[in-house]
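Chemist: With the sequence up front, the predicted model follows.
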Amino acid sequence: MEFLRLLYRFCTLLAVLAMSACAELPVPVVIEMPAAPWAAVAGTEWVAFAVDGVDEVLAPKPKIRWTSAESLSGTGGCNGFSGQVKQVNEYLRIGPLRPSGKPCLTMPGAQEDLFFKAIELTRKGRLEHGQLVFTDETGKMLARFIKAD
């Protein structure tokens, strides 16, 4: 008798779990983008709002513009730059970046340096809730962008 009672409880638990698995759960909108689909963002401009763990990027904010699926340009805040976008196995490679090299009144290791380093360390990119997110190969967030108006 005890065995039947335990079996009934177990079956009831399984039924509850099965029904709750069918309930719609909010799923984050994340689109992993290998290099080839970057054609979908060609011609768009994005403004950085977080770089290398700094959640509030200062003005003038770094920007990137996808000139094609294989190239981008932009500004680190002071220096303009251009670079190539390549797919290497499952990883995304951006760079080397070619900055304009104009003199800027920033300290070494300042926001622009962090931005250029983050872009060159990028190995994966994705669109997430309307934001463009760059990460390294371990998934560490390097930069977040919003689409420019």
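Modeler: Noted; the coordinates are in hand. Residues are numbered from 1 along each chain as shown.

Chemist: which one is Leu114 nearest to, not counting chain neighbours?
Modeler: Asp52 (4.6 Å; C-beta to C-beta, 6 or more residues apart in numbering). Bear in mind the C-beta positions are built from the backbone N, C-alpha and C, glycine included.

Chemist: hmm, I was thinking of Arg98
Modeler: Ser82 (5.2 Å).

Chemist: What residues sit buried inside the strand or helix carrying that neighbour?
Modeler: Taking DSSP states H and E as the definition, Ser82 sits inside strand 80-88. For strand 80-88, the neighbour count (16 or more other C-beta atoms under 10 Å) marks Phe81, Gly83, Val85 as buried.

Chemist: What is the neighbour count of the residue nearest to Leu114?
Modeler: 16 (other C-beta atoms under 10 Å).

Chemist: Could I get the full set of helices for this structure?
Modeler: 2-22, 111-121 (DSSP state H).

Chemist: rank those by pLDDT, which is bottom?
Modeler: Mean pLDDT is lowest for helix 2-22 out of the helices of the chain, coming in at a mean of 46.

Chemist: My guess is Arg93 contacts Leu72. True?
Modeler: No: using C-beta atoms under 8 Å, Arg93 makes no contact with Leu72, being 11.9 Å away.

Chemist: Quickly list what the spatially most central residue of the chain is bridged to.
Modeler: Geometric centre of the chain, nearest residue: Val133, 1.4 Å, by C-alpha atoms, centre = their mean. Counting by DSSP bridges, Val133 is bridged to Arg126, Arg144.

Chemist: quick one: Val47 from Cys104, how far?
Modeler: 19 Å (C-beta to C-beta, to the nearest Å).

Chemist: wait, Phe145
Modeler: Phe145 is 21 Å from Cys104, by C-beta to C-beta.

Chemist: No further queries at this time; thank you.
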